[in-house]
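# Fold the following and give me the result.
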Amino acid sequence: QVQLVESGGGSVQTGGSLRLSCAASGRTFSSYGMGWFRQAPGKEREFVAAINWSGGNTYYGDSVKGRFRISRDNAKNTLYLQMNSLKPEDTAVYYCAAGWRKMSTFRGDYDYWGQGTQVTISS
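Okay, the predicted model is just below:
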């Protein structure tokens, strides 16, 4: 069992930055590939970024490529999402997810989810 708790969400203006964190507890964090997803009102949950167990491989959704950066600190059992050049269309609830030895863009590949953190970007 893995428990995930996101933090760092908030409200910023267009062009601003936020850094989300996801603290993991339970089974060995470094055995899990991790991902960030987001869900805006009335829309499906969307892939944002993923990172493999070591942090050596990352992958981004097209809408965030070049603006967001995913990273992890296995010593601290923590996943991060640095979000720069934020746009109103980035407004959503952001979720972190853990998948056993996976790095995937698909929601179904992840075993554990956090409760989400709200990000609101104003124009």
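
# going forward, measure contacts between C-alpha atoms and count neighbours the same way
OK.

# The closest residue to residue 122 other than its chain neighbours: neighbour count?
Ranked by C-alpha to C-alpha, 6 or more residues apart in numbering and with sequence neighbours excluded, the top spatial neighbour of residue 122 is residue 13, at 4.7 Å. The number of residues packed near residue 13 is 14, by other C-alpha atoms under 10 Å.

# And residue 13, what's its pLDDT?
Confidence at residue 13, expressed as pLDDT, is 98.

# and it, what does it touch?
86-87, 121-123 (C-alpha atoms under 8 Å, 6 or more residues apart in numbering).

# Apply the buried test to these and list what passes.
Among those, those buried by neighbour count (16 or more other C-alpha atoms under 10 Å) are 86-87, 121.

# thinking again about what came up before, for the contacts of residue 13, give me a markdown table that also has secondary structure and pLDDT.
Output for the contacts of residue 13, formatted as a markdown table (DSSP: H, G, I helix; E, B strand; the rest coil; pLDDT from 0 to 100):
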| residue | secondary structure | pLDDT |
| --- | --- | --- |
| 86 | coil | 98 |
| 87 | coil | 97 |
| 121 | strand | 98 |
| 122 | strand | 96 |
| 123 | coil | 90 |
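
# Export the residues you listed as CSV, with columns for distance to residue 70.
Shown next, in CSV, are the contacts of residue 13 (distance: C-alpha to C-alpha, whole Å):
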residue, distance to residue 70
86, 15
87, 18
121, 19
122, 23
123, 25
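
# Quickly name whichever of these is closest to residue 68.
Proximity of the contacts of residue 13 to residue 68 (C-alpha to C-alpha) peaks at residue 86, which lies at 8.9 Å.
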